[in-house]
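Engineer: Fold the following, please.
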Amino acid sequence: MGSQFSVLNRKWLIERSIIIEKRKRRSNKIIKILMMGNENSAKSTFAKKVKSIYQNDKIDNSDANSILPYIKLYLSNSFKDIIKFIQQHPQTPDTKPMVSTQLGIIAWEKLSCFNYTPFNFKPTKELAKYIYDICHDPLFKSYIYPIISSKREDAFYLIENCKRMSNDDYVPNDEDIIRCSKNNQSGVFDTKLEIGKSEFVFVDTGNQKCDRKKWVHQFEDVDIILFFLALDEFDLPPDEIKSQSQSVHDCYNKLHENILVFDEIVNNHFFSNTPVIVLFNKKEQLIEKLKTTTFSQHYPDYQINSNNPNDIFSFISNQFKLRDHFPLNKRLFIHSFNSSDTNQIDFFQYVKKILEDTI
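Structural biologist: I've put the predicted structure just below:
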């Protein structure tokens, strides 16, 4: 009995110290935000974007020079994936067409007989023109998009700008550096923004894939959680199964996997009173995928006989609401956002309002 009381007393003291620390930070106008999401959720892009918008944070030449070889590498890999796909699907009178426009047909013919050495590949201006033309063919885009977007969230940004990026004198601009970030980071990264009289500290956990229960308590003092979700990952296989109650057969895809991660993280008792904002990204990409695939084929729990995007958005939102174990605290907020759109809501005023309402 005494040991049980000691445990409860220690737990109460820890929770009390956390509350005191949060109040102290708020009185000092410091707001700590924990960012979570996988490498394709636009989490890192979001942090860079808001820093650029609210602080006019200009990129210097050293940033451009350091990212240039990576952008060239990402562009080369995207080009090779597209060429490989075309050459693995030769078109004959008996095969199903994969291009529908005149420019797409010309580009297909050129790329289908293009010879290259994988280890000595360079995106040229001529090659970039054909890649650009074929990726703007609506029919071909429906085939190639799921392949290249599953590897990099910035894949189509690279394609849209490939002719400019293939120039010999190309220098990355601010948008390139923000959008073409290096993926698969590990570790914890802080981004600090001073907005008005307040300081916002974004804490990014990177792509941590170890046992979350062993490190999540280190962020128990955060004021708010941002959970980023890429909506278009419903047809991609999961990366990991971490919940002990889930087997590989219970996790349908990466979208479902991220919902399970949400369940594991935000329902930790450390975060029972912490506001959580779920940010849906890649809504347009989801709509594009739904033109050629059926959501219910990849998500068995979806029992509605509809492939309408609005019905699917509602279903995904409800999955998050059902997994909030503390609904009476009214701490869950769900929104859509576009990581490339600068005309977003005033995010920081919105965060302040949520924190004021939850104090």
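
Engineer: so where's the stretch 51-200 of the chain shaky on pLDDT?
Structural biologist: Screening the stretch 51-200 of the chain residue by residue with the criterion pLDDT under 70, one finds the ranges 52-63, 118-119, 153, 181-190.

Engineer: ranges for the helices of it?
Structural biologist: With DSSP state H, counting those that start in this stretch, the ranges of helices along the stretch 51-200 of the chain come out as 61-87, 102-112, 125-135, 138-149, 155-160, 162-165, 174-179.

Engineer: can you redo those as TSV with mean neighbour count and distance to residue 93?
Structural biologist: All C-beta spots, glycine's among them, are computed from the backbone N, C-alpha and C. Formatted as TSV, the entries for the helices of the stretch 51-200 of the chain read as follows, by neighbours: other CB atoms under 10 Å; distance: least, CB to CB, whole Å:
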stretch	mean neighbour count	distance to residue 93
helix 61-87	17	17
helix 102-112	17	14
helix 125-135	19	20
helix 138-149	18	17
helix 155-160	20	29
helix 162-165	17	31
helix 174-179	19	41
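
Engineer: Please produce TSV containing those, extended by distance to residue 323.
Structural biologist: Formatted as TSV, the entries for these read as follows, by distance: least, CB to CB, whole Å:
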stretch	distance to residue 323
helix 61-87	34
helix 102-112	43
helix 125-135	37
helix 138-149	26
helix 155-160	30
helix 162-165	40
helix 174-179	31
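
Engineer: wait, which of the ones you listed is closest to residue 300?
Structural biologist: When those are compared by CB to CB, helix 138-149 sits nearest residue 300, at 19.6 Å.

Engineer: Taking helix 125-135 as reference, get the angle to the closest one.
Structural biologist: Here the directions of helix 138-149 and helix 125-135 differ by 110 degrees (axes from the mean of the first three to the mean of the last three CA atoms, to 10 degrees).

Engineer: Offset the numbering so it begins at 284, please.
Structural biologist: Sounds good: first residue 284 from here, last item helix 421-432.

Engineer: Which other helices and strands does helix 421-432 contact?
Structural biologist: The criterion is 3 or more CB pairs under 8 Å, 6 or more residues apart in numbering; DSSP states H and E, and the helices and strands that helix 421-432 contacts are helix 344-370, helix 385-395, helix 408-418, helix 438-443, helix 566-572.

Engineer: Who are the contact partners of the most centrally placed residue in the chain?
Structural biologist: The geometric centre of the chain, computed from its C-alpha atoms, lies nearest to residue 324 (CA atoms, centre = their mean), at 0.6 Å. Residues counted as contacts of residue 324 (CB atoms under 8 Å, 6 or more residues apart in numbering) are 436, 511-513, 541, 564.

Engineer: Inside helices: which ones of those?
Structural biologist: Secondary-structure check on these using DSSP state H: residues within helices are residue 541.

Engineer: Closest one of the contacts of residue 324 to residue 462?
Structural biologist: Minimum separation from residue 462 among the contacts of residue 324 (CB to CB) is found for residue 436, which lies at 8.7 Å.

Engineer: can you pull the contacts of residue 350?
Structural biologist: With CB under 8 Å, 6+ apart as the criterion, the residues that contact residue 350 are 455, 459-460, 463, 465.
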